[in-house]
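1. Just a sequence and a predicted model for now, questions to come.
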Amino acid sequence: MYLNKAFLYGNLTRDPELRALPSGQQLVSFGLATNRTYKDKNGQKQEATEFHNIVAFGRPAEIIAQYMKKGRPLFVEGRIQTRSWDSEGQKKYRTEIVVENFQFGAGGRGGAAAAPGGEAPAPASAKGEDIRYPDEDINPEDIPF
């Protein structure tokens, strides 16, 4: 069995560009930046940034284009795909992540998620005001299993 799966969480590097394919299907493309923190051989903390090309089709493309802007965080799940074409006699390549699922990050749209072909759920409370926690502690002996 083979596996082609990518999980990325980062910030958009540009506003999403929505366009229609000749078939009428919607397509959105945008960039996503991810950071990695590590220590170098001298023990100094370093940060490296990677830039990814992202594309989404159909309803997810419409939702991303509607709610996302440059700088907002987004979690993307998808597959890695490399396209090639000829430009002025020279072979060009572009590697991108094709979105299969995504979730808005904090500050995006209140943490709402969307599945391919599905509707985006209503936004959750950004401040957590709707969550009520019990005043008393839970006694493990009260748990029936």
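-> Good, I have the coordinates.
2. since we're on L12, how many residues are nearby?
-> For L12, the count of nearby residues is 21 (other Cβ atoms under 10 Å). In short, each C-beta sits where N, CA and C put it, glycine included.
3. Please look at it and F30 and confirm they touch.
-> Yes. L12 is in contact with F30 according to Cβ atoms under 8 Å; the separation is 5.5 Å.
4. joint contacts of those two?
-> Common contacts of L12 and F30 (Cβ atoms under 8 Å, 6 or more residues apart in numbering): M68.
5. where in the protein is pLDDT low?
-> Applying pLDDT under 70 to the chain flags residues 107-145.
6. the strands in it, which residues?
-> Taking DSSP state E, the strands of the chain run over residues 6-12, 17-20, 26-39, 45-57, 73-87, 90-104, 113-114.
7. Enumerate every residue touching S87.
-> Counted by Cβ under 8 Å, 6+ apart, S87 has zero contacts.
8. Residues in a beta bridge with it, which ones?
-> Q90 (DSSP bridges).
9. separation between it and Y93?
-> S87 sits at a distance of 11 Å from Y93 (criterion: Cβ to Cβ, to the nearest Å).
10. Can you verify my assumption that E100 contacts I80?
-> No. In this structure, E100 is not within contact of I80 by Cβ under 8 Å, at 11.3 Å.
11. ok, those two, which is more surrounded?
-> When neighbours are counted by other Cβ under 10 Å, E100 and I80 differ, and E100 comes out ahead with 16 against 12.
12. Which residue, other than its chain neighbours, is closest to that one?
-> Distances taken as Cβ to Cβ, 6 or more residues apart in numbering place G78 nearest to E100, at 4.6 Å, with adjacent residues excluded.
13. Next up, the contacts around K39.
-> K45, Q46.
14. Bridging across strands, which residues link to it?
-> With DSSP bridges as the rule, K39 is bridged to K45.
15. how close does it get to A48?
-> Distance of K39 to A48, given as Cβ to Cβ: 12 Å.
16. closest to I63 out of the strands of the chain?
-> strand 113-114 (5.1 Å; Cβ to Cβ).
17. Nearest spatial neighbour of Y38, chain-adjacent residues omitted?
-> Q46 (5.6 Å).
18. same check, this time on E50
-> T34 (5.1 Å).
19. again, but for Y9
-> F75 (4.7 Å).
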